[in-house]
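Novice: Prediction below, plus the sequence it came from.
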Amino acid sequence: MPFNAEYLFELMLGIALAMARILPCMMLVPAFCFKYLKGPLRYAVTCAVAMVPAPSIGRVLSGQHENWLMIGGLLLKEMVLGVLLGLLLYMPFWMFATVGALLDSQRGALSGGQINPSLGPDATPLGELLQEVLIMLVILSGGLSLITQLIGT
């Protein structure tokens, strides 16, 4: 099988366009656990997920003979769409963390931050617990595959 550089270029272009949508979503949605993955490993996971739709994206773009300005506009559109999808998918997790923070502030768990501001971020124990419970429920109910299908389409 001979080496085909044109197919490799189409695949790289497809990966770049797929990563433009997938990376903001994966960084915002806590179900993908990017809070714990740091550095190049985060981008390797995103690249591995982006390899699924990349061949079809590259094949469609090669048939249209688009110029670099159109591809740049398409890249910007995919990034904006990824941020909007990520914010939309993050809202239920944010709601659970906010309810936990409200309950923690009612019971006085955050009063130490008023006395000593160097305690760190305002991560509340109950908010983190409720968010982790929602992540567990999403994974156990099969919602993680639905989230990835929504991001990929």
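Specialist: Cool, got the structure.
Novice: in this structure, which helix or strand is least confident?
Specialist: Least confident element among the helices and strands of the chain, by mean pLDDT, DSSP states H and E: helix 112-115 (a mean of 67).
Novice: pLDDT on the longest helix along the chain, on average?
Specialist: Secondary structure assigned by DSSP state H gives helix 68-107 as the longest helix of the chain. Helix 68-107 comes out with an average pLDDT of 90.
Novice: Show me the contact partners of stretch 7-26.
Specialist: Here stretch 7-26 makes contact (C-beta atoms under 8 Å, 6 or more residues apart in numbering) with 32, 34, 43, 45-47, 49-59, 61-62, 71, 74-75, 78-79, 81-83, 85-86, 89, 151-152. C-beta here means a position set from N, CA and C on the backbone, and glycine is covered the same way.
Novice: Please indicate which of these are buried?
Specialist: Listed as buried from the contacts of stretch 7-26 are 32, 34, 45-47, 49-50, 53-54, 57-58, 61, 74-75, 78-79, 82-83, 85-86, 89, 151; burial here means 16 or more other C-beta atoms under 10 Å.
Novice: Span of stretch 27-46 from start to end?
Specialist: This stretch, stretch 27-46, spans 10 Å end to end (C-alpha to C-alpha, to the nearest Å).
Novice: Next, the buried residues of whichever helix or strand residue 23 is part of.
Specialist: Secondary-structure assignment from DSSP states H and E places residue 23 in helix 5-28. Of all the residues in helix 5-28, those buried under the rule 16+ other C-beta under 10 Å are 10-11, 13-28.
Novice: Contact partners for the closest residue to residue 98 other than its chain neighbours?
Specialist: The spatial neighbour of residue 98 that comes closest, neighbours along the chain excluded (C-beta to C-beta, 6 or more residues apart in numbering), is residue 127 at 7.1 Å. Counting by C-beta under 8 Å, 6+ apart, residue 127 touches 96-101, 104.
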